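1. quick check, what structure comes out for this input:
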Amino acid sequence: MRKVILYLLLVVLVAGAKMAQAQAASDSLLNLALQQAQNRDYENAIKSLNILLDEWSVQYQQKEFERISDSILSLAKIESDKKNYMEAIQQVNKVLKMWDLRQVPVTTVNTDSIFQVAIDLAKEKKYDKSIETAKTVLGHHPDRVDVLVFIANDFAWNSEFDSAKVYINKAYKKDPKNQELYDSWLNILLWNAEYEEVIRKADLAEDHKYTNKDNLTLKRLYAYNNLDRYDSAAALFDNGKNQKLLDSAAINSLYEDVLIKSKKNIVSGYYTVDFFQGNDPTPHHLAYVDYGTKINRNTLIFRLNYANRYNLNGALIEADYYHLLSGKRYFYFNYGFAVTKDLFPRHRAGIEYYFPLPNKFEGSIGARYIYFTNTGVFILTGHLAKSIDKKWFALRPFISFEQSGNYISLIGQARLIGHNPFVYWGVELAYGNSPDDRYFLDPAGTYFNLNAYRIKFEKSVMITKTDDLKFALGFAYEEYQKDLFRQRYTLEITYKLRF
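-> Numbers count the residues shown, from 1 in each chain. Okay, the predicted model is just below:
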């Protein structure tokens, strides 16, 4: 019996060496077994030692189990780093099943490794898998605000904004002072075009001591700009407020844009001169001045055009009217009549409807009517434009219907935009004779069936924070009679003064 006791004590000591932390909690049971052995109560001593061995065996197995789980999760992280996400998910699921079978408390699971897999999946735009994996972490730790915010971002990146708002609201209820919460909340609302809500949540963030003032100001600028509340946007910087924030290139660029749009009046001056090589030694001149004013959602522009060509002078008076609708949609109307009929058509009129399209496209559809000396021409037109970062592209066709036949002309434009939309380099390519080119209009309207190939380079700069100046140089190879071509060289300058 003593040999049995000594053997059990030896086993206990070996197990104790492996489970040093657990031994401290079991000292009383070990002391009891030793005391029972000293009192020759061997039967109870053996029972106490067996209980102690069973306890330590369970704890040792638990430690080994945790070590194996951590190893598998490390393997999952390696597979995730290699972008083998399906393999990583399988490893994570393997661990979760192990823990579930053992009915181990969830707080012991290494959820950080699982969360990292979810983050890596999101980087690869595998949002559904990322959400599923992150929800596993949330099942173990329902109070983790960072996971709630991450899932909200996942839904938003996948354009599931209603679901994104559900999770961001859960995060808000758990920790309304969380800084990361407002970073994501403002983005989600902005991406979903909920601009009024962006303003309200920016105020809420400020109430909860949100510290990123640059982000708050930028989001408010975006919201006011998209709501066409340019005065409110510009007022963020009135009387010297927030001037240090203008050191941010993004804030300064958007501020200059809304400041320009907030001005209610604009005066423009335009001049162009054309030189020819081929049939006309005399330069052609065209100029205009106009005045525009904004009244609520309406803009009205009055313009006086003057031309000097073929030793003749001519004038045309016209008006443009823009009516702004909701959602960046608007109507354009135009009417003009010739004061003198030597160089301009007697009447011209136009209407066009502009509207936004998905993926930063915009479009329009419209018509023009031009009445010449003895006949009129009806024209269908429209445009399709696309913005890509700081680049802008547009294509506009014209389909002209007249007695001699139907004709098509095309204009393509590209711009590389600077710190605001009024600062850019541009190039324009055109085929055919466009009715929107003021310098090309004549009283007879005989040019629609003539070929023309044109290129023009543009540069627009800001002279002050609200006034811009544009230069353009152009070249055209054009028919002036059927099968007879000439070369045209063009210089343009435009100045806009806003107040």
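
2. excluding its backbone neighbours, what's nearest the spatially most central residue of the chain?
-> Centroid-nearest residue in the chain: Trp191, 7.0 Å away (criterion: C-alpha atoms, centre = their mean). Sequence neighbours aside, Ala156 is the residue nearest to Trp191 in space, at 6.0 Å (criterion: C-beta to C-beta, 6 or more residues apart in numbering). Placement of C-beta: from N, CA and C, glycine included.

3. ok, and the closest non-adjacent residue to Lys261?
-> With sequence-adjacent residues excluded and distances taken as C-beta to C-beta, 6+ apart, Lys261 is closest to Tyr230, at 4.3 Å.

4. quick one: that neighbour and Tyr255 touch, right?
-> No. Look at Tyr230 against Tyr255 with C-beta atoms under 8 Å: they stay out of range, at 10.6 Å.

5. okay, strands next: where are they in the stretch 351-499 of the chain?
-> All strands of the stretch 351-499 of the chain, identified by DSSP state E, counting those that start in this stretch, fall at 361-371, 376-388, 391-402, 405-417, 424-431, 452-462, 468-481, 484-498.

6. remind me what the third one packs against, helices and strands.
-> Which is strand 391-402. strand 376-388, strand 405-417 (3 or more C-beta pairs under 8 Å, 6 or more residues apart in numbering; DSSP states H and E).

7. tell me which of these sits nearest to Asp81.
-> strand 376-388 (31.5 Å; C-beta to C-beta).

8. what does the closest one contact?
-> 352, 359-371, 392-402, 435-436, 445, 448 (C-beta atoms under 8 Å, 6 or more residues apart in numbering).

9. please list all residues in contact with Ile295.
-> Contacts of Ile295 (C-beta under 8 Å, 6+ apart): none.

10. beta partners of it?
-> Per DSSP bridges, the residues bridged to Ile295 are Asn298.

11. residue ranges with poor pLDDT in the stretch 1-150 of the chain?
-> 1-33, 36-37, 42-73, 75-76, 79, 85, 88, 91-92, 94-110 (pLDDT under 70).

12. related to what we said a few turns ago, contacts only, for the residue nearest to Lys261.
-> Tyr230 makes contact with 224, 258-259, 261-262, according to C-beta under 8 Å, 6+ apart.

13. rerun at 10 Å
-> 224, 257-264, 294 (C-beta atoms under 10 Å, 6 or more residues apart in numbering).

14. Phe150 too?
-> Phe150 neighbours (C-beta under 10 Å, 6+ apart): 115, 118-119, 122, 130-131, 134, 137-138, 144, 167, 171, 180, 184.

15. at 8 Å instead, please
-> Contact partners of Phe150, counting by C-beta under 8 Å, 6+ apart, are 115, 118-119, 122, 134.

16. tell me which helix or strand it sits in.
-> Secondary structure assignment for Phe150, by DSSP states H and E: helix 145-157.

17. per the record, what domains does this structure have?
-> 1-121, 265-498 (automatic domain parsing).

18. show me how far the longest one is from its chain's centre.
-> Going back to what we said before, that points to domain 265-498. Offset of domain 265-498 from its chain centre (C-alpha atoms, centre = their mean, to the nearest Å): 30 Å.

19. pretty sure Lys470 sits against Met462.
-> No. Using C-beta under 8 Å, Lys470 is not in contact with Met462, being 10.6 Å away.

20. on that earlier part again, may I ask which two of the contacts of Phe150 are separated the most?
-> Pairwise over the contacts of Phe150, using C-beta to C-beta, the maximum falls at Phe115 and Ala122, 10.7 Å.

21. for Lys456, list the residues it contacts.
-> Going by C-beta under 8 Å, 6+ apart, Lys456 touches 427-428, 430, 472-475, 490, 492.

22. go again using 6 Å as the cut-off
-> Residues in contact with Lys456, defined by C-beta atoms under 6 Å, 6 or more residues apart in numbering, are 428, 472, 474.

23. just give the closest residue to it, not the sequence neighbours.
-> Of all residues not flanking Lys456 in the chain, Gly474 sits nearest, at 3.7 Å (C-beta to C-beta, 6+ apart).

24. tell me the confidence at the one you found?
-> With respect to pLDDT, Gly474 scores 96.

25. do Gln481 as well
-> Per-residue confidence (pLDDT) for Gln481: 83.

26. how close does it sit to Pro345?
-> 20 Å (C-beta to C-beta, to the nearest Å).

27. now Glu362
-> 29 Å.

28. the more surrounded of these two?
-> Per other C-beta atoms under 10 Å, whichever of Glu362 and Pro345 has more neighbours is Pro345, with 23 against 17.

29. can you confirm the more buried one is in a strand?
-> No. With DSSP: H, G, I helix; E, B strand; the rest coil as the criterion, Pro345 is coil rather than part of a strand.

30. so it makes contact with Tyr369?
-> No. Using C-beta atoms under 6 Å as the test, Pro345 is too far from Tyr369 to be in contact (9.8 Å).

31. ok so, going back, take the helices and strands packed on strand 391-402 and write them to CSV, including distance to Gly336 and mean pLDDT.
-> Shown next, in CSV, are the helices and strands packed on strand 391-402 (distance: least, C-beta to C-beta, whole Å; pLDDT from 0 to 100):
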stretch, distance to Gly336, mean pLDDT
strand 376-388, 14, 94
strand 405-417, 20, 92
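
32. can you redo those strands as a markdown table with distance to Arg329 and mean neighbour count?
-> Putting the helices and strands packed on strand 391-402 into a markdown table (distance: least, C-beta to C-beta, whole Å; neighbours: other C-beta atoms under 10 Å) gives the following:
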| stretch | distance to Arg329 | mean neighbour count |
| --- | --- | --- |
| strand 376-388 | 14 | 16 |
| strand 405-417 | 21 | 16 |
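
33. so which of these comes closest to Ala249?
-> Using C-beta to C-beta, those put strand 405-417 closest to Ala249, at 13.3 Å.

34. any idea of the angle the closest one forms with strand 424-431?
-> Here the directions of strand 405-417 and strand 424-431 differ by 160 degrees (axes from the mean of the first three to the mean of the last three C-alpha atoms, to 10 degrees).

35. for strand 405-417, name the packing helices and strands.
-> strand 391-402, strand 424-431 (3 or more C-beta pairs under 6 Å, 6 or more residues apart in numbering; DSSP states H and E).

36. neighbouring contacts of it?
-> Applying C-beta under 6 Å, 6+ apart, the external contacts of strand 405-417 come out as 390-400, 424-434, 448-449.
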